[in-house]
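S.K.: generate a structure from the sequence data that follows.
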Amino acid sequence: MSTTNAKTIVGELRPTQIMFTFGIGSLVDLPHLSVLVMGLEDWPGDQATAREIKEERLLATVRTQLGDQVLALKSPPSPPPTKSSPDPFDPARLIGLPVTTFPRWLLCPNCQLLAPLSSGLFRQRNDPYHPDRTRYLHEACNKSHAPTAVPARFLVACPDGHLDDFPWIEFVHRGPTNCHTSLRLIEFGPGGEARDLMIECVTCSTRRFMSDAFGRLGEASMPCCRGRRPHLRDFAEEPCKHQVKTILLGASNLWFPDVLTALSIPVTGNSRLEQLVEEQWAILAKVLNEQNIALLRQFMPQLSSLVAYSDREIWQAIEDRRQDDDAVEEPIDLKTPEWAMFSAPERAPTTNDFCLTAVPTPAGFESVIERVVLVEQLREVRALIGFTRIDAPGELGDESQSARRMRISRQPPPWIPAAEIRGEGIFIQLREAQVRDWSLQPTVQNWGNRFLESHRAWRNQRYITPADANFPEMRYILLNSLAHILMRRLSLACGYTAASIRERLYSRNPNEEGKPPEPMAGILIYTAAPDSEGTLGGLVSLGQPDALGRHLRAALNDARLCASDPLCAEHPPSNDGMTLHAAACHACMFAPETSCECGNRYLDRSVLVKTVEREELAFFDFLDER
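M.R.: Predicted structure coming up:
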């Protein structure tokens with residue numbers, strides 16, 4: 001899809017990038033520009049170019065977060081393929097995500113002039129045949145003929161999600177001023193460090209180094225946040241209580257998506273016709289009467305699966321489906337129905353989006369692994385409900401972070417951007433008795449208390465209350481660590497890149513009173529590629545008993561030693577609030593952030609196998625260490 005700025009194409013994005021990389025409120029770094037993706041009010045008004053994505057469980061959960069006014073999940077707008085044209089002036093080519101230039105301050109690399117776009121010193125130059133060449137020129141430069149201006153590389157942001165231009169004028173003058181300012185950004189060294197950069201006001205000869213905007217000096221000198229929301233073209237209704245933090249353009253903590261995900265699972269007990277109607281509900285939901293069905297059969301080849309049923313039967317199934325919609329209850333969570341399918345694959349219906357095959361447990365792991373299920377087909381839907389800055393959104397469904405979630409529209413949104421992915425995966429269920437016995441060991445409980453202290457420090461550092469809430473317990477740490485080492489190993493053999501494989505953890509401690517819901521201890525490792533790459537069978541084939549046993553043993557053997565040992569193995573759950581892991585690092589366990597559901601937190605390879613530092617925590621201590 002294209003990104004547009006004042007009806008000018010400036011670049012292209014994939015639909016799934018809207019969920020994890022370049023969503024609403026994020027900055028897109030183009031060859032000569034930096035642009036900000038705008039809120040929903042600036043998107044195409046009728047959304048005629050967007051396709052509705054049906055996933056009722058996810059939509060119900062979105063409504064609990066954003067309100068009942070959310071009526072649909074929709075894909076980002078993209079040009080209709082039937083209207084694609086090489087003509088750069090074709091209006092159909094201008095359909096895409098709306099963006100605006102941000103930051104609004106530009107720098108001339110030749111004369112070192114630093115000025116805002118509102119000064120009129122820079123002229124936008126468009127190239128309709130080569131959108132990547134769109135740029136701003138400084139035509140009045142006294143050292144070169146119309147050089148290309150570059151975005152100023154410093155911004156300010158706050159933990160509540162506000163973003164603003166760096167206060168260049170106030171910063172160099174150390175407060176408000178009446179000076180008719182003309183600024184220059186002077187660089188003294190080739191390293192580009194803040195201590196080598198100086199801001200100078202040519203008018204009054206005032207100077208200041210950029211290093212004053214960072215660290216303790218920055219805490220003492222930077223102003224309070226103005227509450228600016230540039231993606232919504234406004235400021236917050238209430239004054240922001242935070243002090244702004246200086247942040248580099250392109251920094252990884254400038255934008256974190258808040259995404260809800262769900263797997264499409266069939267409803268047990270439904271007839272084959274009901275399942276087919278569910279699969280094609282995005283089309284059939286718009287049917288008004290029985291006569292419409294005959295017309296749709298002629299012009300919609302997607303409905304060929306319904307050829308064995310009459311129009312009357314299909315219409316009755318549609319009516320029953322609508323009645324079910326009215327009776328849908330808000331789900332407590334998204335994972336419990338998925339767990340019910342994976343833990344009983346023999347009862348799970350097979351559809352075009354869901355196909356399970358149970359296989360034997362790998363030899364040697366029967367005492368700890370209860371079930372292995374090959375997920376030959378799956379469909380995942382992701383919905384973007386907001387974003388955060390500085391810190392990632394709440395860990396493990398922490399609702400206290402909803403206050404820090406930045407809106408994606410000024411008014412309560414009637415629809416939410418979403419993307420769907422089809423892929424494959426492997427589900428592994430651990431034996432509940434073994435997990436429970438392991439978690440009750442005194443050494444494991446003591447180590448869990450160390451993790452709890454680290455969890456408290458991490459939340460206190462980010463002013464999240466209460467500090468003890470949402471601690472996932474050692475069961476989750478075990479499952480998360482197992483998923484990470486297995487993902488790293490499988491990515492070497494399955495043909496998918498590491499970023500194309502994701503985890504989905506099913507962790508729930510048993511109820512102390514022995515009442516439902518039942519405990520969960522399982523991992524789903526699946527492909528997260530947005531195209532056909534995710535459905536080629538390379539991952540499922542590794543779930544066969546011999547292959548899975550071989551890779552599982554290799555992954556556990558790899559976890560015993562790390563290239564960073566002994567430092568990695570000696571790393572305890574820290575109390576400084578900066579990290580939330582023990583024996584784990586980039587050399588042994590960390591995965592791409594799009595692959596881990598908790599941002600590489602709650603990891604420890606010593607809970608899996610014996611390491612050079614700790615031996616008493618290993619869940620897989622029965623394995624031969626050869």
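
S.K.: show me where the protein has its helices.
M.R.: Taking DSSP state H to define them, one finds helices in the chain at 17-20, 56-66, 168-173, 215-221, 272-279, 281-284, 290-299, 311-326, 335-342, 432-439, 442-461, 473-491, 545-560.

S.K.: in JSON lines: those helices, plus mean pLDDT.
M.R.: Output for those, formatted as JSON lines (pLDDT from 0 to 100):
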{"stretch": "helix 17-20", "mean pLDDT": "78"}
{"stretch": "helix 56-66", "mean pLDDT": "88"}
{"stretch": "helix 168-173", "mean pLDDT": "93"}
{"stretch": "helix 215-221", "mean pLDDT": "86"}
{"stretch": "helix 272-279", "mean pLDDT": "69"}
{"stretch": "helix 281-284", "mean pLDDT": "68"}
{"stretch": "helix 290-299", "mean pLDDT": "74"}
{"stretch": "helix 311-326", "mean pLDDT": "72"}
{"stretch": "helix 335-342", "mean pLDDT": "91"}
{"stretch": "helix 432-439", "mean pLDDT": "95"}
{"stretch": "helix 442-461", "mean pLDDT": "93"}
{"stretch": "helix 473-491", "mean pLDDT": "95"}
{"stretch": "helix 545-560", "mean pLDDT": "94"}
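
S.K.: ok, which of those comes nearest residue 539?
M.R.: For the helices of the chain, proximity to residue 539 was assessed by Cβ to Cβ; helix 473-491 is nearest, at 6.7 Å. C-beta coordinates here come from the backbone N, C-alpha and C atoms, glycine included.

S.K.: quick one: low-confidence parts of the stretch 101-250 of the chain?
M.R.: Segments of the stretch 101-250 of the chain classed as low confidence (criterion: pLDDT under 70) are 191-192.

S.K.: mind redoing it with 50?
M.R.: In the predicted model of the stretch 101-250 of the chain, no residue satisfies pLDDT under 50.

S.K.: that one: strands as residue ranges?
M.R.: Read by DSSP state E, counting those that start in this stretch, the stretch 101-250 of the chain holds these strands, from start to end of the chain: 105-107, 113-116, 123-125, 135-137, 148-151, 154-157, 163-165, 183-187, 197-201, 207-209, 228-229, 234-235, 245-248.

S.K.: residue contacts, the residue nearest to residue 605 when sequence neighbours are not counted?
M.R.: With sequence-adjacent residues excluded and distances taken as Cβ to Cβ, 6 or more residues apart in numbering, residue 605 is closest to residue 559, at 4.3 Å. Residues in contact with residue 559, defined by Cβ atoms under 8 Å, 6 or more residues apart in numbering, are 481, 485, 588-589, 605, 608-609, 611.

S.K.: run the last query once more with 10 Å
M.R.: Counting by Cβ atoms under 10 Å, 6 or more residues apart in numbering, residue 559 makes contact with 481-482, 484-486, 488-489, 583-584, 588-589, 605-611, 618, 620.

S.K.: report pLDDT for the closest residue in space to residue 473 that isn't next to it in sequence.
M.R.: Sequence neighbours aside, residue 509 is the residue nearest to residue 473 in space, at 5.8 Å (criterion: Cβ to Cβ, 6+ apart). As summarised for this prediction, residue 509 has a pLDDT of 90.

S.K.: contacts only, for residue 509.
M.R.: 435-436, 439, 472-476, 519-521.

S.K.: can you pull the contacts of the nearest residue to residue 204 once chain neighbours are set aside?
M.R.: Of all residues beyond its chain neighbours, the one nearest residue 204 is residue 179 (5.1 Å), with distances taken as Cβ to Cβ, 6+ apart. Taking Cβ under 10 Å, 6+ apart as the criterion, residue 179 is in contact with 169, 172-173, 201, 203-204, 206.

S.K.: could you redo the last one with a cut-off of 8 Å?
M.R.: The neighbourhood of residue 179, defined by Cβ under 8 Å, 6+ apart, consists of 169, 173, 201, 203-204, 206.

S.K.: what of residue 18?
M.R.: Residue 18 makes contacts with 24, 76, 97, 384, 417, 419, as judged by Cβ under 8 Å, 6+ apart.

S.K.: skip the chain neighbours and tell me the closest residue to the second one.
M.R.: This points to residue 76. Beyond its immediate neighbours in the sequence, the residue positioned closest to residue 76 (Cβ to Cβ, 6+ apart) is residue 18, lying 5.1 Å away.

S.K.: mind checking how far the residue located most distally from the centre of the chain is from residue 136?
M.R.: Checked against the mean C-alpha position of the chain, the extreme residue using Cα atoms, centre = their mean is residue 204, at a distance of 46.5 Å. The span separating residue 204 from residue 136 equals 27 Å under the rule Cβ to Cβ, to the nearest Å.

S.K.: bridging residues for residue 149?
M.R.: Note on residue 149: beta-bridge partners by DSSP bridges are residue 136.

S.K.: go ahead and build a ChimeraX selection from the buried members of the contacts of residue 179.
M.R.: Buried members of the contacts of residue 179 can be picked out in ChimeraX with the line below, counting by 16 or more other Cβ atoms under 10 Å:
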select :169,173,201,206
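
S.K.: let's have the contacts of residue 179 in TSV, adding distance to residue 410.
M.R.: Written out in TSV, the entries for the contacts of residue 179 read as follows (distance: Cβ to Cβ, whole Å):
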residue	distance to residue 410
169	28
173	33
201	36
203	38
204	39
206	38
